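Asks: Generate coordinates for the sequence data below:
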Amino acid sequence: MGLSLADIDQLFASRGGEQYSGEGVTQLEHALQCALLAEGESAGDELVTAALLHDLGHLLHDLGETPTLHGMDDIHQYRALPFLRGLFSDAVLLPIKLHVDAKRYLCAVRPGYFAALSDDSKRSLGLQGGIFNEGQAEAFITQSGAGSAVRLRVWDEQAKVAGLPTPPLAHFLGRARRCALRPGEQLP
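Replies: The predicted model follows:
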């Protein structure tokens with residue numbers, strides 16, 4: 001049931017060209033831009049890998065184009081976890097799992113964050129439970145992995161620039177290989 005790095009490469013090859021829901025970039029462009037932003041802030045291999053794979057759940061479960069327009073939360077933050085468990089540690093998995101709640105948190109604690117969200121991100125926020133109240137925000141940020149998820153979330157919102165040059169997927173899969181739990185995990 002678990003994915004290998006070769007499987008992840010193939011998934012991006014087959015579905016990465018699909019539009020990133022409601023945005024002017026593809027799924028692959030969004031993933032590469034998010035990983036590039038993480039790398040630009042000197043994040044370690046685990047957090048760069050989480051940035052690359054945070055939306056992999058969209059590619060594993062097809063609900064059509066822009067499911068938020070149909071009132072659907074695809075719970076993508078959870079869909080990839082069973083496929084990635086065994087390949088990566090919690091240092092990769094927790095930021096992926098928590099990146100949606102990190103948006104809810106940032107909207108609660110960072111003035112202007114909600115206003116800067118894209119239309120689709122605002123729609124999905126409502127479907128994902130809305131902005132945290134003070135108690136929810138305090139409980140969220142104390143969780144293991146929450147700080148990394150917040151960093152990931154900031155990059156997630158910025159990684160929507162049409163035509164932005166990035167390194168190829170192989171570059172970031174090389175970083176993923178360095179933090180994979182299975183020694184000798186092969187790249188395609």
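Asks: for the helix or strand containing A170, packing partners?
Replies: A170 is located in helix 169-179, with elements delineated by DSSP states H and E. Contact here means 3 or more C-beta pairs under 8 Å, 6 or more residues apart in numbering; DSSP states H and E; on that basis helix 169-179 packs against helix 5-15, helix 27-40, helix 45-53. Quick note: C-beta positions are derived from backbone N, CA and C, even for glycine.
Asks: for those helices, which one ends up most surrounded?
Replies: helix 45-53 (a mean of 28; mean count of other C-beta atoms under 10 Å).
Asks: Going by neighbour count, which residues in the biggest helix by length in the chain are buried?
Replies: Secondary structure assigned by DSSP state H gives helix 90-109 as the longest helix of the chain. For helix 90-109, the neighbour count (16 or more other C-beta atoms under 10 Å) marks 91-108 as buried.
Asks: relative to helix 45-53, how tilted is that helix?
Replies: Using axes from the mean of the first three to the mean of the last three C-alpha atoms, to 10 degrees, the inter-axis angle of helix 90-109 relative to helix 45-53 is 70 degrees.
Asks: Give me the distance from helix 90-109 to the chain's centre.
Replies: Helix 90-109 has its C-alpha centroid displaced from the chain centroid by 9 Å (C-alpha atoms, centre = their mean, to the nearest Å).
Asks: Remind me what that helix packs against, helices and strands.
Replies: Here helix 90-109 touches helix 45-53, helix 76-79, helix 81-84, helix 113-116, helix 119-127, helix 134-141, helix 146-158, going by 3+ C-beta pairs under 8 Å, 6+ apart.
Asks: re the thing from before, and the contacts of the helix holding A170?
Replies: 5, 8-9, 12, 16, 28, 31-32, 35, 39, 44-46, 48-49, 52-53, 88-89, 91-92, 185, 187-188 (C-beta atoms under 8 Å, 6 or more residues apart in numbering).
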